[in-house]
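Colleague: would you be able to build a 3D model of this:
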Amino acid sequence: MKLMPAVAALCLVAATSAAHAADPNLGRNLAATCANCHGTNGQAVKGSGMDALAGMEKAKTLQKLADFKSGDKPASIMHQIAKGYTDEQLDLIATYFAAQK
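Modeller: Below is the predicted model of the structure:
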């Protein structure tokens, strides 16, 4: 009987992962939250002082996000935002922005 909650939890995790993988727009949807500061589709307004994320190399974006998440890179808000995402979600966001021009 103690095995049932563990099996149920495992099934829930598997179903959630499959749902995320099945959504081809998940990266775009997650990246949409970045638009408030970094502009629509990562196209920052020139002179705003914000990094343009569109077209940035995926590895560079991931490194910056990891540095924010770990606290290695100081920030006013990005360290809090990055902690709210899983590594898989950050990967999707970085992939999305790398594909933008």
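
Colleague: give me the most central residue, this structure.
Modeller: residue 90 (2.8 Å; C-alpha atoms, centre = their mean).

Colleague: who are the contact partners of that one?
Modeller: 62, 65-66, 69, 82 (C-beta atoms under 8 Å, 6 or more residues apart in numbering). C-beta coordinates here come from the backbone N, C-alpha and C atoms, glycine included.

Colleague: for this protein, which segments are assigned as helices?
Modeller: 3-22, 26-31, 35-38, 58-70, 78-83, 87-99 (DSSP state H).

Colleague: roughly how far is the third one from the heart of the chain?
Modeller: Think helix 35-38. 14 Å (C-alpha atoms, centre = their mean, to the nearest Å).

Colleague: give me the residues contacting it.
Modeller: For helix 35-38, the external contacting residues (C-beta under 8 Å, 6+ apart) are 41, 44, 50-53.

Colleague: most neighbours, which of those?
Modeller: Highest neighbour count within the contacts of helix 35-38, by other C-beta atoms under 10 Å: residue 53, with 24 neighbours.

Colleague: how near is the closest residue in space to that residue that isn't next to it in sequence to residue 52?
Modeller: Sequence neighbours aside, residue 42 is the residue nearest to residue 53 in space, at 3.3 Å (criterion: C-beta to C-beta, 6 or more residues apart in numbering). Using C-beta to C-beta, to the nearest Å, residue 42 is found at 6 Å from residue 52.

Colleague: and residue 97, by the same measure?
Modeller: Residue 97 is 9 Å from residue 52, by C-beta to C-beta.

Colleague: then residue 100?
Modeller: Residue 100 is 9 Å from residue 52, by C-beta to C-beta.
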